[in-house]
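Enquirer: coordinates for the following, if possible.
(2 chains)
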Amino acid sequence: MIKKLIVIFLTSLLVFLVLFSCKKRVEVKPPAPPTTKAEEKAMPVEEVKETPAIAKPKLTEEEIFKAKTLEELNREQPLQMIHFDFDKYDIREDAKPILEKNAEWLRRHPTVKILIEGHCDERGTEEYNLALGEKRARATMEYLVALGISPDRIKIISYGKSRPLDPGHNEIAWAKNRRAQFVIIAK
Amino acid sequence: MKIFKIFMTGFIFLGVLIIFAFNQQEVVIKIKGGMPAIPVALPKFIVYSDNPEIIKAAQKIHEVLRADLKFSRVFELVPEEFYSYIKPLDPKNILFKDWESIQSNVLIVGEISSSENNKLVFTGSVYDVRSGRFIFGKKYRGGVKLVRLIAHKMADEMMKAFGEKPVFTSKIVFVSDRDGNSEIYMMDYDGHNQIRLTFNKAIDMLPALSPDRTKVAYTSYRRANPDLFVFHIYTGKTIPISTKGANYAPSWSPNGRKIAFCSSRSGNHEIYVAEEDGKNLRRLTFNKAIDTSPDWSPTGREIVFTSDRSGSPQLYIMDAEGTNIRKISYGGTYHDSPSWSPNGDKIAYVSRVENRFDIYVLDLRTNQIIKITENNARNENPSWSPDGRHIVYSSNVSGKIQIYITDYDGQNTRVLTSKGNNKMPDWSY
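Expert: Alright, predicted model coming up:
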């Protein structure tokens, strides 16, 4: 008895659902009434401003780098020089963070090739200073290589005491002149 | 026994003295004088011409010859006022007793006449005053512009006649920045005729003149690297010798066929030898330290050089094949730029003491050291005259760096250059 009732109920529900879905129609809205008369005095005033300046396309760091000539690049000295103790060519403690920064810059610009110039103060003889200057340049190169810079990217040269930064004849000038300097030779 | 005790005490005392002496920083012995010079009379030349140019030329030859002989340290000139005490010179009839009376041993008679094409003929006759014998004579013909050379040639003949090596036609090559850039120049021994040899617009340095004086080995940065070249002065040819690594401090072998130099082509500064065209390159030193500044012995069998293998730059001698290395410098911590004397018995070099560089001479036979310069400045790159009586070097004693000449005992120092900075002199054989 109950079974029959359920069957009847379900059947009638199915019939009802089918009928209902068929009956559904899209209701069309009636067209909006035409605007009759706009109040002219109520028009908002539009402020006319100058068009903003045209922005240049934003360059990436790499694109900026590429646009520069070698001269411009070297003038900016992205690679800082380091200094040495009297008669010595080993890398000083205060030079190590500078070389780490330089290595970081070289890693960011993997196409760059550099020349390391070794220089001496005037308190060495001409010949020995040429050798000492090269030892300084080579020690600098080896430090950069240990930091992961390829030796193929680095050339070295010694100028002995022929190119002092400071022409003075005192401790301050001498300390300035005992140096390894970086020149970008390719990018 | 007592005598033995005294002897022993003396011996110990002497030992202490020796130890004390060798503990000193440097042993400096100044020696003045030397061999007695030969007194020479050089009266005014006899001119057989009215041409004022010839008369002027005669005066010039006399002046230059006089300066050469004075410079030599072999001869000394009889004071000119002595000539007025005796009869004027007559070349046809020389009164040797007169010349002996004014204490001359040698008499030089100069005669000058004009020749075709505005040239002159100089005749120099040299006599031994005591015996009245003619020693030698020389005749030179040349233009009036060549008077200095004529005088130098005559002075060289004087040296040869008295068993000495000629000096006065020798040349000195050096580096100057007078034209704005470090270039190689050449001059006469007395500083005259300074001429420019290189035009590289890059640093040129450390020149060495070949024994025949026709070639200069030098380092140039013209290819953005310190390369070693040989420049042929009279053909204009330049030949690369070594271009890998840094290459510098050349020295010609006495026969002029080989060049010893320093190169870092292996990665470290070592001494190499190559032929004058760069062929047959051979490495002589094998040491982790800096080896540089080679200079040949006059026999060509040995080479003196600088090495810091002991911790600081010191001087060593090795055989020309690189074997048998022995240290020769002592006292002091910094020596460089050795120059072997033409007689083979001395080494001139630079030593640094408290930021001053002075020239010293080490006698290889006695192991004595003589200090040549003493001026509280930086004196560098000594090089011997062909006869070993003089040393040329550079000094910043006047502020700028200039080239000076001094005698083997540090006497008669004079400056040869004045324009710009002038340094790294090398005196030819």
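Enquirer: could you check stretch B:422-429 against chain A for contacts?
Expert: Yes - using C-beta under 8 Å from any C-beta of the partner chain, stretch B:422-429 comes into contact with chain A via B:423-424. All C-beta atoms are positioned from the backbone trio N, CA, C, and that covers glycine.
Enquirer: ok, stretch B:167-176 next?
Expert: No - using C-beta under 8 Å from any C-beta, stretch B:167-176 stays clear of chain A, coming no nearer than 9.3 Å.
Enquirer: return the distance of that stretch from the chain's centre.
Expert: Averaged C-alpha coordinates place stretch B:167-176 at 8 Å from its chain's average position (C-alpha atoms, centre = their mean, to the nearest Å).
Enquirer: now stretch B:155-175
Expert: Per C-alpha atoms, centre = their mean, the centroid offset for stretch B:155-175 relative to its chain is 10 Å.
Enquirer: need the distance between the two termini of that stretch.
Expert: End-to-end distance for stretch B:155-175, by C-alpha to C-alpha, to the nearest Å: 27 Å.
Enquirer: in that stretch, what's buried?
Expert: Residues of stretch B:155-175 classed as buried by neighbour count (16 or more other C-beta atoms under 10 Å in any protein chain shown): B:155-159, B:164-175.
Enquirer: what's the average pLDDT for that stretch?
Expert: Average pLDDT, stretch B:155-175: 97.
Enquirer: which ones among the buried residues of stretch B:155-175 map onto helices?
Expert: B:155-159 (DSSP state H).
Enquirer: quick check: phi and psi at A:Pro151.
Expert: phi -60, psi -20 (degrees, to the nearest 10).
Enquirer: do the one 4 residues further on as well
Expert: For A:Lys155, the backbone dihedrals (degrees, to the nearest 10) come out as phi -120, psi 150.
Enquirer: which residue sits closest to it, ignoring its sequence neighbours?
Expert: Of all residues not flanking A:Lys155 in the chain, A:Leu115 sits nearest, at 4.8 Å (C-beta to C-beta, 6 or more residues apart in numbering or on different chains).
Enquirer: and that neighbour, that one's in a helix?
Expert: No - going by DSSP: H, G, I helix; E, B strand; the rest coil, the assignment for A:Leu115 is strand, not a helix.
Enquirer: beta partners for it?
Expert: On the basis of DSSP bridges, A:Leu115 is bridged to A:Lys155, A:Val183.
Enquirer: contact partners for it?
Expert: Counting by C-beta atoms under 8 Å, 6 or more residues apart in numbering or on different chains, A:Leu115 touches A:154-157, A:182-183, A:185.
Enquirer: in contact with B:Glu183, which residues?
Expert: B:175-177, B:196-200, B:204 are the contacts of B:Glu183 under C-beta under 8 Å, 6+ apart.
Enquirer: quickly find the element holding B:Tyr316.
Expert: strand B:314-319 (DSSP states H and E).
Enquirer: is B:Thr333 located within a helix, as I assumed?
Expert: No - under the criterion used here (three-state DSSP), B:Thr333 is coil, not part of a helix.
Enquirer: for it, give me its contacts.
Expert: B:312, B:352.
Enquirer: just the pLDDT for it.
Expert: Reading off the model, B:Thr333 has pLDDT 93.
Enquirer: and the residue nearest in space to the middle of chain A, how far is that from B:Leu77?
Expert: With distances taken as C-alpha atoms, centre = their mean, chain A has A:Glu61 as the residue nearest its mean C-alpha position (4.5 Å). When distance is defined by C-beta to C-beta, to the nearest Å, A:Glu61 is 78 Å away from B:Leu77.
Enquirer: likewise A:Arg138?
Expert: 56 Å.
Enquirer: comparing those two, which residue is more hemmed in?
Expert: More crowded of A:Arg138 and B:Leu77, by other C-beta atoms under 10 Å in any protein chain shown: A:Arg138, with 20 against 17.
Enquirer: in a strand, that's where the more buried one is, yeah?
Expert: No - counting by three-state DSSP, A:Arg138 falls outside a strand, being helix.
Enquirer: for it, which non-adjacent residue is spatially closest?
Expert: The spatially closest residue to A:Arg138, leaving aside those adjacent along the chain, is A:Ile156, at 5.7 Å (C-beta to C-beta, 6+ apart).
Enquirer: show me the contacts for the one you found.
Expert: Contacts of A:Ile156 (C-beta under 8 Å, 6+ apart): A:115-118, A:134, A:137-138, A:140-141.
Enquirer: closest to chain B among these?
Expert: Chain B has its nearest neighbour among the contacts of A:Ile156 in A:Glu134, at 5.4 Å by C-beta to the nearest C-beta.
Enquirer: flag the helix or strand of the chain with the lowest per-element mean pLDDT.
Expert: Went with chain A since none was named. Of all helical and strand segments in chain A, the minimum by mean pLDDT, DSSP states H and E falls on helix A:2-23, at a mean of 63.
Enquirer: following that one, which helix or strand comes up?
Expert: Using DSSP H and E, the helix or strand that follows helix A:2-23 towards the C-terminus is helix A:61-67.
Enquirer: please identify the helix or strand for B:Asp179.
Expert: Using DSSP H and E, B:Asp179 falls outside every helix and strand.
Enquirer: phi first, then psi, for it.
Expert: Dihedral pair for B:Asp179: phi -100, psi 20, per degrees, to the nearest 10.
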